[in-house]
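Enquirer: just coords:
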């Protein structure tokens with residue numbers, strides 16, 4: 001019965017996302033891109049990490065992560081609203097924008113490695129080849145495929161997967177939440193809720209949280225949709241995406257943190273599969289399907305974005321094809337020298353550096369316009385972004 005209920009939820013949610021008045025609505029189309037990025041791969045790994053590491057405090061940590069992300073999003077929204085239309089634009093901003101784009105391109109290099117290593121891990125997770133070596137072999141093969149396609153034909157055909165994978169991912173997340181609600185309710189009825197102690201505290205806990213910022217990253221994609229949407233639509237879409245993703249993440253962590261006993265699983269990149277096998281047999285299969293489509297399409301999108309940014313910053317002296325080759329080489333190096341949690345922390349630090357630059361640009365604009373309340377908000381974000389970039393640590 002639970003399997004049938006979960007599957008019905010997935011189908012209904014998928015149907016709703018395909019409902020023409022919603023699917024064609026301008027604001028929703030603009031919202032889907034950042035929303036899918038925010039609750040993409042991070043959704044798969046973040047729940048088990050927070051549950052195992054922070055126990056009963058996991059929801060507070062989740063609230064901290066989404067709050068920090070919303071604050072950085074506020075700086076980027078301010079930049080979309082003011083700087084891109086030239087209002088009060090300090091001359092130094094013209095020199096900082098290319099630097100921010102270059103840092104974002106570097107963050108994309110690491111995020112692609114993150115996505116494809118998750119792809120490899122989830123692809124072998126339900127097979128007899130479930131080990132790190134085979135996962136890395138598959139990841140390597142996908143990197144090579146992406147390089148060949150990008151070098152010879154471009155990504156236009158592969159990028160069409162994005163719309164399909166977004167709908168599939170959101171529908172399956174709805175089914176996952178449905179299963180967790182039922183499991184949580186049954187746990188309450190048995191009076192079996194658990195309040196596990198945290199396994200990390202103090203400075204180590206803070207630096208670990210710093211290293212997880214990439215799991216709520218993705219809202220910045222609204223900034224780069226200028227060819228399709230005006231500034232106000234992009235601002236509204238980013239805000240809406242962050243509000244929806246916050247609600248989803250908070251519900252997810254609340255349902256997860258108190259309904260699983262210690263020792264339920266070992267902590268690795270596919271721990272969510274072990275947890276969901278306890279909830280309903282259908283969920284692991286659905287999650288693997290969502291992971292494969294979501295990680296591949298996200299990797300393609302970020303590879304394409306990285307190539308475009310580098311070509312733009314270099315004024316086409318470095319063509320996208322060469323950027324793809326560099327990205328794949330760096331991704332293969334990370335794949336064979338780092339585990340997924342280390343790659344997550346590297347990506348978090350790279351995106352934090354980008355957010356620090358965006359906060360700096362916003363602070364300069366606020367200072368130029370004598371907007372002291374905004375300046376007092378953005379200046380600490382610069383320091384926070386730098387702190388995350390320097391001190392972020394990986395899960396042990």
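Expert: Everything's here; your move. Computed from a prediction, not measured in an experiment: that's the story for all the values here. Numbering: from 1, shown residues only.

Enquirer: quick one, strands of the chain?
Expert: Under the criterion DSSP state E, the chain carries no strands.

Enquirer: Longest helix in it, please.
Expert: Looking across the chain with DSSP state H, the single longest helix is helix 91-124.

Enquirer: Could you list every helix and strand that that one packs against?
Expert: If contacts are counted by 3 or more C-beta pairs under 8 Å, 6 or more residues apart in numbering; DSSP states H and E, helix 91-124 sits against helix 41-54, helix 132-152, helix 282-313, helix 320-337, helix 340-368. C-betas here are computed from N, CA, C, even on glycine.

Enquirer: Pipe these into TSV and attach mean pLDDT per row.
Expert: Output for those, formatted as TSV (pLDDT from 0 to 100):
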stretch	mean pLDDT
helix 41-54	85
helix 132-152	90
helix 282-313	82
helix 320-337	91
helix 340-368	92
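
Enquirer: Of all those helices, which one is nearest residue 243?
Expert: Proximity to residue 243, assessed across these by C-beta to C-beta, is greatest for helix 41-54 (16.1 Å).

Enquirer: need the contact list for the nearest residue to residue 286 once chain neighbours are set aside.
Expert: Leaving aside its sequence neighbours, residue 286 sits nearest to residue 172 (C-beta to C-beta, 6 or more residues apart in numbering; 4.9 Å). Neighbour list for residue 172: 10, 286-287, 289-290 [criterion: C-beta atoms under 8 Å, 6 or more residues apart in numbering].

Enquirer: separation between residue 172 and residue 1?
Expert: 19 Å (C-beta to C-beta, to the nearest Å).

Enquirer: same check, this time on residue 387
Expert: Distance of residue 387 to residue 1, given as C-beta to C-beta: 49 Å.

Enquirer: of those two, who's got more company?
Expert: Counted by other C-beta atoms under 10 Å, residue 387 and residue 1 do not tie: residue 387 has more neighbours, with 15 against 7.

Enquirer: Could you verify my assumption that the more buried one touches residue 210?
Expert: Yes: look at residue 387 against residue 210 with C-beta atoms under 8 Å: they come within range, at 6.9 Å.

Enquirer: Is there a neighbour count for residue 201? I'd like the number.
Expert: Neighbour count for residue 201, taken as other C-beta under 10 Å: 11.

Enquirer: My error: substitute residue 127 in the last question.
Expert: Neighbour number of residue 127 under other C-beta under 10 Å is 10.

Enquirer: Which pLDDT value goes with it?
Expert: At residue 127, the model reports a pLDDT of 86.

Enquirer: Once you drop chain neighbours, what's closest to residue 357?
Expert: In this structure, residue 357 finds its nearest non-sequential neighbour in residue 100, 4.2 Å apart by C-beta to C-beta, 6+ apart.

Enquirer: Contact partners for that neighbour?
Expert: Taking C-beta under 8 Å, 6+ apart, we find residue 100 in contact with 354, 357-358, 361.

Enquirer: ok, it to residue 110 distance?
Expert: Counting by C-beta to C-beta, the gap from residue 100 to residue 110 is 16 Å.

Enquirer: now do residue 77
Expert: 24 Å.

Enquirer: same thing with residue 232?
Expert: Residue 232 is 32 Å from residue 110, by C-beta to C-beta.

Enquirer: who has more neighbours, the two?
Expert: When neighbours are counted by other C-beta under 10 Å, residue 232 and residue 110 differ, and residue 110 comes out ahead with 25 against 11.

Enquirer: nearest spatial neighbour of that one, skipping sequence neighbours?
Expert: Per C-beta to C-beta, 6+ apart, closest to residue 110 is residue 347, 4.3 Å.

Enquirer: That neighbour is in contact with residue 109, isn't it?
Expert: No: Residue 347 is beyond contact range of residue 109, at 9.1 Å (criterion: C-beta under 8 Å).

Enquirer: who's more crowded, those two?
Expert: Using other C-beta under 10 Å as the criterion, residue 347 and residue 109 rank with residue 347 on top: 27 against 23.

Enquirer: how much space between the more buried one and residue 26?
Expert: Counting by C-beta to C-beta, the gap from residue 347 to residue 26 is 31 Å.

Enquirer: cool, and residue 288?
Expert: Residue 288 is 33 Å from residue 26, where distance means C-beta to C-beta.

Enquirer: what does residue 33 give?
Expert: 13 Å.

Enquirer: next one: residue 113
Expert: Distance, residue 113 to residue 26, using C-beta to C-beta: 34 Å.

Enquirer: Residue 317 too?
Expert: Counting by C-beta to C-beta, the gap from residue 317 to residue 26 is 36 Å.

Enquirer: one step back: rebuild the contacts of residue 172 as a markdown table, extending it with distance to residue 16 and neighbour count.
Expert: What follows is those, written out as a markdown table (distance: C-beta to C-beta, whole Å; neighbours: other C-beta atoms under 10 Å):
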| residue | distance to residue 16 | neighbour count |
| --- | --- | --- |
| 10 | 11 | 22 |
| 286 | 17 | 22 |
| 287 | 20 | 25 |
| 289 | 19 | 14 |
| 290 | 17 | 24 |
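
Enquirer: Out of those, give me the two with the largest separation.
Expert: Greatest spatial distance among these (C-beta to C-beta): 10 and 287, at 11.2 Å.

Enquirer: circling back to that earlier point, who has more neighbours, residue 33 and residue 26?
Expert: residue 33 (25 against 13).

Enquirer: Quick check: mean pLDDT of stretch 205-216?
Expert: For stretch 205-216, mean pLDDT rounds to 92.

Enquirer: what about it, distance to the chain center?
Expert: Centroid separation between stretch 205-216 and its chain, computed with C-alpha atoms, centre = their mean, to the nearest Å, is 12 Å.

Enquirer: Pull the residues that contact it.
Expert: Outside stretch 205-216, the residues that reach it (C-beta under 8 Å, 6+ apart) are 38, 41-43, 45-46, 49, 53-54, 61, 64-66, 68-69, 111, 114, 198, 200, 245, 249, 344-345, 347-349, 351-352, 387-388, 391-395.
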